[in-house]
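S.K.: got a predicted structure here, sequence first:
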Amino acid sequence: MAVVVGMLLASSAWASMRCADGILSTAEDIQSVLSKCGEPDSRAREPAEVDGYGALVPNAVPVERWVYGPQNGMYYHLRFVDGRLAEVRSRRSPQ
């Protein structure tokens with residue numbers, strides 16, 4: 001599991017986002033992001049995957065997707081894997 005999470009975090013290591021109380025970067029935990037940026041405008045949680053018998057699938061972890069914005073014409077999409085920020089994407093809001 002640690003290897004999978006590590007690969008996900010490393011693949012997005014360049015991403016960051018500026019908030020009122022600091023700059024976010026990948027690998028920060030959820031509480032750190034909340035303290036810097038506050039509650040997101042939307043938040044969705046995908047629990048760790050389970051098999052047909054209700055057992056956790058090996059290496060499965062929960063994923064959360066947050067959206068902030070629009071802020072200065074941009075939406076910021078954050079993806080957390082197992083409680084750590086794995087990806088930040090920004091997209092200009094439609095006109």
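M.R.: Arrived safely, thanks for sending.
S.K.: helix, strand or coil: sort out the residue of the chain most remote from its centre for me.
M.R.: The centre of the chain is farthest from one residue, Tyr53, which by C-alpha atoms, centre = their mean lies 28.5 Å away. Assigned with DSSP: H, G, I helix; E, B strand; the rest coil, Tyr53 falls in the coil class.
S.K.: just the element for the most centrally placed residue in the chain, please.
M.R.: Here the mean C-alpha position of the chain is nearest to the C-alpha of Arg79 (C-alpha atoms, centre = their mean), at a distance of 2.2 Å. Arg79 is located in strand 74-81, with elements delineated by DSSP states H and E.
S.K.: just how off-centre is that strand within its chain?
M.R.: Average the C-alpha atoms of strand 74-81, do the same for its chain, and the two points are 5 Å apart (C-alpha atoms, centre = their mean, to the nearest Å).
S.K.: got the angle between whichever helix or strand comes after it and strand 74-81?
M.R.: Note on strand 74-81: by DSSP H and E, the next helix or strand toward the C-terminus is strand 84-92. Compare the direction of strand 84-92 with that of strand 74-81 by axes from the mean of the first three to the mean of the last three C-alpha atoms, to 10 degrees and you get 160 degrees.
S.K.: any idea how far strand 84-92 is from the middle of the chain?
M.R.: Distance, stretch centre to chain centre, for strand 84-92: 7 Å (C-alpha atoms, centre = their mean).
S.K.: same question for stretch 36-43.
M.R.: Averaging C-alpha coordinates over stretch 36-43 and over its chain gives two centres that are 11 Å apart (C-alpha atoms, centre = their mean).
S.K.: likewise for stretch 23-36?
M.R.: 9 Å.
S.K.: which other residues reach it?
M.R.: Contact with stretch 23-36 is made by 9, 12-13, 15-22, 37, 64, 66, 78, 80, 83-88, as judged by C-beta atoms under 8 Å, 6 or more residues apart in numbering. Backbone N, C-alpha and C define where each C-beta goes, glycine included.
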